[in-house]
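S.K.: quick one, what's the 3D model for this:
(one chain, ligands or ions: 2)
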Amino acid sequence: MEEQRGPAAPGRRRLGVMGGTFDPVHHGHLVAASEVAALFHLDEVVFVPTGEPWQKSHKAVSPAEDRYLMTVIATASNPQFSVSRIDIDRGGPTYTIDTLRDLRELNPDADLFFITGADALSQILTWRNAEELFALSHFIGVTRPGHDLTDDGLPKGGVSLVEVPALAISSTDCRERVVKGNPVWYLVPDGVVRYIDKRQLYRA
Ligand SMILES: Nc1ncnc2c1ncn2[C@@H]1O[C@H](COP(=O)(O)OP(=O)(O)OP(=O)(O)O)[C@@H](O)[C@H]1O
Ligand SMILES: O=C(O)c1ccc[n+]([C@@H]2O[C@H](COP(=O)([O-])O)[C@@H](O)[C@H]2O)c1
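M.R.: Ligands and ions are numbered 1, 2, ... in the order given. The predicted structure follows:
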């Protein structure tokens, strides 16, 4: 783990990958990405909104273009953050194995660091081609209030566990607040509050 936290190998970039449905993106996502970027000396963190999140198919998910635009708005002010459309443009259900293969092809000079909250990390063995994921990227599991952070059952050396400032924010709670007419100010970036309002998202 310490080797992963040290400086990048000569000639190699370090690319963080923050995958998520981002419906909507909130400060929990942004703080996790920022903290990991600093701890692991990442050159960039690319946020990758899902196309069709197959494990959320029982839930109503907002249109990909809205989730993409909210992610662009939320990350625009940070020069280290960018947003990729690869999972949206590929079409069909989103599998991280495809995300990582595509990002490696697009960034042959970079080592990948996939960032996941404790809840997502605990589900990783249910993901498509789970055993291959760790050959394509290092995984960084971050703390999230209400969830245990563990690498039990995951490949040794393939995962680092990191404590990040605790923000008890979820997209589910943000959506429910909007439905009830409660504020989401300061849970999501200001521009995202405005976008939700403009597009009338989550109004039941
Ligand atoms: N508050 C948080 N702290 C740390 N990690 C988080 C937090 N919220 C989300 N994450 C992580 O960010 C990634 C993307 O999360 P996602 O877009 O599904 O947000 P969510 O808040 O979990 O959404 P939902 O409530 O709709 O399930 C996942 O790896 C998730 O674990
Ligand atoms: O690869 C899979 O099978 C897979 C299954 C569930 C989630 N993921 C990825 O995990 C990240 C967080 O997903 P979610 O559904 O919690 O927003 C996002 O990048 C998803 O594409 C990936």
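
S.K.: only C-alpha atoms from now on, for both contacts and neighbour counts.
M.R.: Fine.

S.K.: quick one: contacts of stretch 89-97?
M.R.: Residues outside stretch 89-97 that contact it (Cα atoms under 8 Å, 6 or more residues apart in numbering) are 50, 51, 52, 53, 54, 87, 127, 128, 129, 130, 132, 133.

S.K.: pLDDT score assigned to the first one?
M.R.: Same thing as residue 50. As predicted, residue 50 sits at a pLDDT of 98.

S.K.: point out where the protein drops to low pLDDT.
M.R.: Along the chain, segments meeting pLDDT under 70 span 1-3.

S.K.: just the helices in it please.
M.R.: Under the criterion DSSP state H, the chain contains helices at 2-5, 27-39, 64-75, 86-90, 96-106, 118-121, 130-136, 171-180, 190-199.

S.K.: of all those, which lies closest to residue 145?
M.R.: When these are compared by Cα to Cα, helix 118-121 sits nearest residue 145, at 8.8 Å.

S.K.: what sits against residue 26?
M.R.: Contacts for residue 26 (Cα under 8 Å, 6+ apart) come out as 169, 170, 171, 187, 188, 189.

S.K.: kindly report the same for residue 189.
M.R.: Residue 189 is in contact with 26, 27, 74, counting by Cα under 8 Å, 6+ apart.

S.K.: what does residue 138 give?
M.R.: Counting by Cα under 8 Å, 6+ apart, residue 138 makes contact with 112, 113, 114, 158, 159, 160.

S.K.: tell me the residues of this structure that contact ligand 2?
M.R.: Within the chain, the residues that sit near ligand 2 (Cα under 6 Å from any ligand atom) are 19-21, 50, 53, 55, 94-97, 120, 127-128.

S.K.: now the two most distant members of those.
M.R.: With Cα to Cα as the measure, no two of the residues of the chain next to ligand 2 lie farther apart than 21 and 128, at 16.8 Å.

S.K.: what about the two, which has more around it?
M.R.: residue 21 (21 against 14; other Cα atoms under 10 Å).

S.K.: list the contacts for the nearest residue to residue 16 once chain neighbours are set aside?
M.R.: Closest residue to residue 16 apart from its sequence neighbours, by Cα to Cα, 6 or more residues apart in numbering: residue 45 at 4.2 Å. Neighbour list for residue 45: 15, 16, 17, 18, 33, 37, 80, 81, 82 [criterion: Cα under 8 Å, 6+ apart].

S.K.: among those residues, which are in reach of ligand 1?
M.R.: Near ligand 1, judged by Cα under 6 Å from any ligand atom, there are no entries from the contacts of residue 45.

S.K.: most surrounded residue in those residues?
M.R.: The residue in the contacts of residue 45 with the most neighbours, by other Cα under 10 Å, is residue 16 (30 neighbours).

S.K.: right, and it touches residue 48 too?
M.R.: No - using Cα atoms under 8 Å, residue 16 is not in contact with residue 48, being 10.4 Å away.
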